[in-house]
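[1] Here is my input, please return the structure:
(one chain, ligands or ions: 2)
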Amino acid sequence: MLKTLGAHVKEYTAASIATPIFMLMEVALETIIPLLMASIIDDGVNKGDTHHIFIMGAWMILAALLSLFSGCMGAKFGSKASMGLGKNLRKAMFENIQTYAFSNIDKFSTAGLVTRLTTDVTNIQNAYQMILRMAMRAPATILCAMAMSFFISPTLASIYLAAVILLGIALSIIIRKAMKYFDHAFEKYDELNESVQENVSAIRVVKAYVREDYEKKRFTTASQNIYNVFTKAESLVILNNPLMMFTVYSCILLISWLGAHMVVNSALETGDLMALLTYCMNILMSLMILSMIFVMISLSVASARRICEVLNEESDLHNPSDPVYEVADGSIEFKNVTFRYSKSSETPVLDNINLSIKSGETIGIIGGTGSSKSSLVNLISRLYDVDEGSVSVGGRDVRDYDMDSLRNQVSVVLQQNTLFSGSILDNLRWGDPNATEEECKKACELACADEFIQTFPDGYETHIEQGGTNVSGGQKQRLCIARALLKKPKILILDDSTSAVDTATDAKIRKAFREAIPGTTKLIIAQRISSVQDADRIIVMDDGKLNGFDTHENLLANNEIYRDVYESQTQGGGDFDEGGAA
Ligand SMILES: Nc1ncnc2c1ncn2[C@@H]1O[C@H](COP(=O)(O)OP(=O)(O)OP(=O)(O)O)[C@@H](O)[C@H]1O
Ligand SMILES: [Mg+2]
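    Numbering: from 1, shown residues only. Ligands and ions are numbered 1, 2, ... in the order given. Below is the predicted model:
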C-alpha cells in the first residue's frame, strides 16, 4: 500500500525530502536557544557582563530568525509535497477509472468512487503533511531536549523522563480507545454519503414518490450517527489536553522546587534551570503531537486502502500487442458466443449464439425484458469480452482491434444514455470534435432533432443541464442518436433508443437512415415490432438464446414468439404502432 501511494509522490520528492530537513534544522535551533538563554543568565546577568549579554542576545536573535525561517520553509515544502501528492493521486485515480472496462465499473459504486477521489485523498494529503513535518520533528525534539537535559542535570531530567513515560502510556491508552470509535465513524460516513448521493442525483424520483420525509429521516439518522460516534471519540481525545497540562505543570512545579533547592545549594545554575524548564515544555509538547500523528495515521489507513483499490484495479480489457486500426466493413459475426457478467454464475447471459450479419444490413432485435438484447450488442463494440467463442467485426475478431478504433467505427446509442452539461453543439461534438455546425445540423435532421432544436430560443447553443434534465425523454434520445451519427460509423447500434419517441417520428428516423446512410450496418433494438418490421432481418432473443433470425414475413410464418408479440401489439384496435412503420 505504501509503495502504491509512494509512487505518486513523483515530482514532489525533493519537497518531501526538504520538509523534514528544514524541520530538523528548526529542532536543532530550538535546542540551542535555551542554552544561549542559560548562558545569558549565568555568565551575563549573574556576573554582570553586559558585553556577553549582547553577544549572546545577538546569537539568540539569529538562531530564532533561522528557526523561524526553517519552520516557514518546512511548512511551505510540506504543503507543496502533500498537496502535490493529493493532486497526483486524484489524477492517477481519475485516469485509471477512465481505462476501466464496463465490468470494472460494475464493481465500484459511483458514490464510492466520488468519496475515494475527494474525502479519502484529502485524508491522505493531511496525514502526509503531518508526517513530513512532524514525524521527524517530534521524536528529534524529544531526543535532543532529553540529551541536553541529562547533560545539564541528570537528576532533574530523570523526573520528566518518568513523566514522559507515564504520559506516553496514558496517551496510547486514550488513543487506542478513541480509534475504535473512529473505525466505526468511517462506516457511518459511507452511509451518509450514500444517502446524500442517492438523494441529490435522484431528487426528482424522491419527490415523485413523496419520499421526502422518509429520506429526511434517513439522512438525519446517518448524520446523527456520525455525531454520536465523533462525540464519543472526541470526548476521549480531548482528555489528552488536561492530562498533558497536568503533567507539564506538575513537572514544572517539581523541577522548580527541586531546581531551586539545587540552585541554593549551588548544585545548579539559574540559567540551566530555565533551560531545563524550556526543554521540559518542548518534550511534552512533542509527545502530544506524536499522539496526534498516530490518530491521523490510523485514520488515513482506511482511506489509503480505498485509494489503492482504485489505483490497483486493472482493466479487464486490454489492447492487443499488435492492434489493427482499420475496420474493413460493417459485417458482424458471432461464433458460438457464450457470455456471463459474473464468472461464477452458472447460467450464461448469452448462450451459444451464432449469427452472421452482412455489411450495410439493417437488423432489428426484439425480445422480452432481460432476454439479453443489450448484452448481445455490447459485445460488438467490445464493452465486455466473450467467455467462449468469438465476435468478429469486418472479418476480424474484435479482440484484434485497437479498442478506440473499433469503438469509433461501432457507434452505440446506449439504453441508459446521458447528455452532459454544455450546449447542444458541445454535446453533439462528443461524436466528432471537429464537426462543423453544418454537419451537426445534418445529423440532427437525420435524427429528427433539428425540428425541436429550431424551436428553442437559443437553437444549437441551448444549454443542456447535467444528465440532460431540461429536455424531454424523446428529445434526449434524438440528440443521442444525432451524436452517434456524427461519428460516421460503419456499424450503428440503437439500444431501445426511440422508445420515448412517437411512432411517426420513429418511422421518419428509420427512413432517413435508410436513405442517408445505406452503407452503415444498423442494429435496432426495440420493444415495438413496428420499429423493426421493415428491417432486412430480425433477431428474436429469448432468455439469452437466439430464438429466430429471419425476415419479418418468415418470422411471422415460423416463429411463435414473434407471432405472439406481433399479434398482441397489432390487435386490440387503437394500437399506436400499427400506422407508424407499415
Ligand atoms: N452489468 C450487469 N451486471 C450483471 N448482470 C447484468 C448486467 N447487465 C445486465 N445483467 C443481467 O443480464 C441479463 C440480460 O440483461 P440485458 O440488459 O442484456 O437485457 P435486455 O434484453 O437488454 O433487457 P431490456 O429489454 O430490459 O433492456 C439480465 O438478467 C440482467 O439482470
Ligand atoms: Mg436492454
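
[2] which residues touch the nearest residue to Gly330 once chain neighbours are set aside?
    Nearest residue to Gly330 in three dimensions, chain neighbours excluded: Thr521, at 3.4 Å (Cβ to Cβ, 6 or more residues apart in numbering). C-beta coordinates here come from the backbone N, C-alpha and C atoms, glycine included. The contact partners of Thr521, by Cβ atoms under 8 Å, 6 or more residues apart in numbering, come to 330-332, 357-363, 490-492.

[3] pLDDT value on Gly574, please?
    We have a pLDDT of 41 for Gly574.

[4] Show me what from the protein comes close to ligand 1.
    Proximity of the chain to ligand 1 (Cβ under 6 Å from any ligand atom) is limited to residues 106, 341, 349, 367, 369-375, 415, 496.

[5] For the residue in the stretch 1-150 of the chain that ligand 2 sits nearest to, the count of nearby residues, please.
    The stretch 1-150 of the chain approaches ligand 2 most closely through Phe102 (13.3 Å), counting by Cβ to the ion. Using other Cβ atoms under 10 Å, Phe102 is surrounded by 13 other residues.

[6] Please apply the same query to Ile55.
    15.

[7] Give the other helices and strands that the helix or strand where it lies contacts.
    According to DSSP states H and E, Ile55 maps onto helix 50-99. If contacts are counted by 3 or more Cβ pairs under 8 Å, 6 or more residues apart in numbering; DSSP states H and E, helix 50-99 sits against helix 13-39, helix 121-130, helix 270-312.

[8] ok so, going back, hmm, Leu383 and the residue of the stretch 1-150 of the chain closest to ligand 2 touching each other?
    Yes. Taking Cβ atoms under 8 Å as the definition, Phe102 is a contact partner of Leu383 at 4.8 Å.

[9] which of the contacts of Thr521 are close to ligand 2?
    Applying Cβ under 5 Å from the ion, the subset of these adjacent to ligand 2 is empty.

[10] Which members of the residues you listed occur in strands, if any?
    Ile332, Ile357, Thr362, Ile363, Ile491, Leu492 (DSSP state E).

[11] quick one, what contacts the last one?
    Okay, so that is Leu492. Ser411, Val413, Ala484, Leu485, Phe513, Ile517, Thr520, Thr521, Lys522, Leu523.

[12] quick one: pLDDT of it?
    Predicted confidence (pLDDT) for Leu492: 94.

[13] do the same with the second one
    Residue-level confidence at Ile357 comes out at 95, pLDDT.

[14] separation between the residue lying closest to it once chain neighbours are set aside and ligand 1?
    Distances taken as Cβ to Cβ, 6+ apart put Ile332 closest to Ile357, at 4.2 Å, once the chain neighbours are dropped. Counting by Cβ to the nearest ligand atom, to the nearest Å, the separation of Ile332 from ligand 1 is 17 Å.

[15] what's the burial count for the residue of the stretch 201-350 of the chain found nearest ligand 2?
    Distance from ligand 2 to each residue of the stretch 201-350 of the chain (Cβ to the ion) is smallest for Val349, at 11.4 Å. By other Cβ under 10 Å, the residues close to Val349 number 20.

[16] Kindly report the same for the one 4 residues further on.
    Around Ile353 sit 25 other residues, with neighbours defined as other Cβ under 10 Å.

[17] just to revisit the earlier point, with respect to Ser149, which of the helices and strands packed on helix 50-99 lies nearest?
    helix 270-312 (4.9 Å; Cβ to Cβ).

[18] and that closest one, what other elements does it pack with?
    For helix 270-312, the packing partners by 3+ Cβ pairs under 8 Å, 6+ apart are helix 2-6, helix 13-39, helix 50-99, helix 110-115, helix 121-130, helix 137-152, helix 154-201, helix 240-264.
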